[in-house]
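Engineer: need the 3D shape of this:
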Amino acid sequence: MTTTAKPQLNPILKLALDLGPLVLFFFANSHYGIFVATGTFMIAVLAALAASYALTRHLPIMPVVTAIIVVVFGGLTLILHDATFIKVKPTIIYALFGAILIGGLLFNKPLLGVVFDSLFHLTQEGWRKLTLRWALFFLVLAVLNEIVWRNTSTDVWVDFKVFGVLPLTFLFGALQMPLLKKYATEPAE
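Structural biologist: Alright, predicted model coming up:
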């Protein structure tokens, strides 16, 4: 039986679709304020999701969940004219991802294996350890977001989203390379 592999995005295009909405959010906030930035972010997230679907004919679960939360909390931000909702959105996303990953581990299902199986081939123990690390990282990001948005200005919080969370995420991902090497398996033929 032959299975058709899902089409994969070029890594640079995938990065642009993942980071583009955040860059537009930062730019719009710095020039037009948080409410225009929120509307821009909502449109950009949906456009990135549509482009990803058009190119691959499938929707990855994490971007879909993120888009739903962005639209709901962005909509509340705009309707109620209260930036609190868009500031809480990352906390909810990070806490949700962390909780889902931990929940998967409790049921002996390291869910990162489902998300990244086409990129990495790890032993079961490797997936378990990697999933736990990312779950804890997401929970730390949730706490950090709460600390920053509650104790700084909106502009500082937006800067933290772009110049704090992104580098921390890339650094954390890079620090996982020894684990990926240690628990790597050969892909099944």
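
Engineer: and the strands in this structure?
Structural biologist: Here the chain has no strands by DSSP state E.

Engineer: which secondary structure element of it has the lowest mean pLDDT?
Structural biologist: Lowest by mean pLDDT, DSSP states H and E among the helices and strands of the chain is helix 112-116, with a mean of 74.

Engineer: counting by contacts, list what it packs against.
Structural biologist: Other helices and strands packing on helix 112-116, by 3 or more Cβ pairs under 8 Å, 6 or more residues apart in numbering; DSSP states H and E, are helix 124-151. In short, each C-beta sits where N, CA and C put it, glycine included.

Engineer: and the helix it packs on, what does it pack onto?
Structural biologist: helix 84-106, helix 112-116, helix 154-160, helix 166-175, helix 177-182.

Engineer: mind checking which of these is nearest Y32?
Structural biologist: Proximity to Y32 (Cβ to Cβ) singles out helix 154-160 among those, at 11.9 Å.

Engineer: mind putting the helices and strands packed on helix 124-151 into CSV with mean neighbour count?
Structural biologist: Below are the helices and strands packed on helix 124-151 laid out as CSV (neighbours: other Cβ atoms under 10 Å):
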stretch, mean neighbour count
helix 84-106, 18
helix 112-116, 17
helix 154-160, 17
helix 166-175, 12
helix 177-182, 12
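
Engineer: could I get those as TSV with distance to G20?
Structural biologist: Output for the helices and strands packed on helix 124-151, formatted as TSV (distance: least, Cβ to Cβ, whole Å):
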stretch	distance to G20
helix 84-106	17
helix 112-116	20
helix 154-160	16
helix 166-175	12
helix 177-182	26
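
Engineer: ok, of those helices, where does mean pLDDT dip lowest?
Structural biologist: Lowest mean pLDDT within those: helix 112-116, at a mean of 74.

Engineer: show me how far that helix is from its chain's centre.
Structural biologist: 13 Å (Cα atoms, centre = their mean, to the nearest Å).

Engineer: wait, doesn't K87 sit right on W149?
Structural biologist: Yes - with contact defined as Cβ atoms under 8 Å, K87 reaches W149; the gap is 4.0 Å.

Engineer: mutual contacts of those two, please.
Structural biologist: Listed as contacting both K87 and W149 by Cβ atoms under 8 Å, 6 or more residues apart in numbering are W157.

Engineer: great, nothing more from me.
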